[in-house]
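[1] Provided below for reference: sequence and predicted model.
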Amino acid sequence: FKVVAKEGMHEGILGVSVQPTNGEAINGNTLSLGGAEYECVLPSLDPGKYEVFVRWNGSNIVGSPFGLKATKRPMPEKIKVYGPGLTNGQVGQEGNFTVETSEGGPGTLAVRLHGPRGAFKINMRRHPNNDRTILVRYDPTIEGTYRVDVTWSDVHVPGSPFTVNIEKQDTSSSSATTQW
């Protein structure tokens, strides 16, 4: 984060530290960007609640300490996407695939389709036995080549974007099954 010193306060020492709720303070680093601007860098933190102390010449600045809630970072590289609906399909036949997010940390899943307008709608729902597994289904109505983007917190997951080729149904041969 950046700190800009007030006018007339160009001479002094900026200090920054972070302290967990039940622990000792850990010093961060400050870097002068020239003039009255400074960049402050905190060490990597485990998830939890912290207080950030910003001091000018040893005294807290107005508002310091500041509350901080550290969370795990999103890990899109750990999201797994698989299923037959990620490669080829036919008009009128349901396509489907699965997205497993359990190892991806906190994040937001987005599935976007790029291709002919109105060709199909994507339907997503949580797996009934695992809310971190998302079942994705689509029913294509127009043939063509589509791009399916799967992102976790705005970053593509492994394999994304996927190219899906939808072809017309082969109607030259038909079969019927009758059960007696």
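    That came in fine, so what should we check first?
[2] centre-most residue in the chain?
    Among the residues of the chain, the one closest to the centroid is residue 153, at 1.5 Å (Cα atoms, centre = their mean).
[3] quick one: residues contacting that residue.
    With contact taken as Cβ atoms under 8 Å, 6 or more residues apart in numbering, residue 153 is in contact with 74, 76, 106, 107, 108. Backbone N, C-alpha and C define where each C-beta goes, glycine included.
[4] my read: the first one touches residue 104, true?
    So that's residue 74. Yes - with contact defined as Cβ atoms under 8 Å, residue 74 reaches residue 104; the gap is 6.5 Å.
[5] overlap of the contact sets of these two?
    residue 152.
[6] what's the pLDDT at the residue nearest to the centre of the chain?
    Listed pLDDT for residue 153 reads 94.
[7] next, it: phi, psi?
    The phi/psi pair for residue 153 (degrees, to the nearest 10) reads phi 50, psi 50.
[8] picking that back up, which of the contacts of residue 153 are buried? Put it as a ChimeraX command.
    Those of the contacts of residue 153 that count as buried under 16 or more other Cβ atoms under 10 Å are selected in ChimeraX with:
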select :74,76,107
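[9] what's the closest of the contacts of residue 153 to residue 139?
    Using Cβ to Cβ, residue 108 comes nearest to residue 139 of these, at 24.8 Å.
[10] how close does the closest one get to residue 45?
    22 Å (Cβ to Cβ, to the nearest Å).
[11] check residue 3 too.
    Distance from residue 3 to residue 45, by Cβ to Cβ: 19 Å.
[12] cool, residue 75 as well?
    With Cβ to Cβ as the criterion, residue 75 and residue 45 are 16 Å apart.
[13] out of those two, which sits in the busier spot?
    residue 75 (17 against 14; other Cβ atoms under 10 Å).
[14] show me the contacts for the more buried one.
    103, 104, 105, 107, 152.
[15] same thing but at 6 Å, please
    104, 105 (Cβ atoms under 6 Å, 6 or more residues apart in numbering).
[16] which pLDDT value goes with it?
    94.
[17] swap in residue 8?
    Per-residue confidence at residue 8 stands at 66 (pLDDT).
[18] now the one 4 residues further on
    Confidence per residue is given as pLDDT, and for residue 12 that number is 80.
[19] can you give me the helices for the chain?
    Taking DSSP state H as the test, none of the chain falls into helices.
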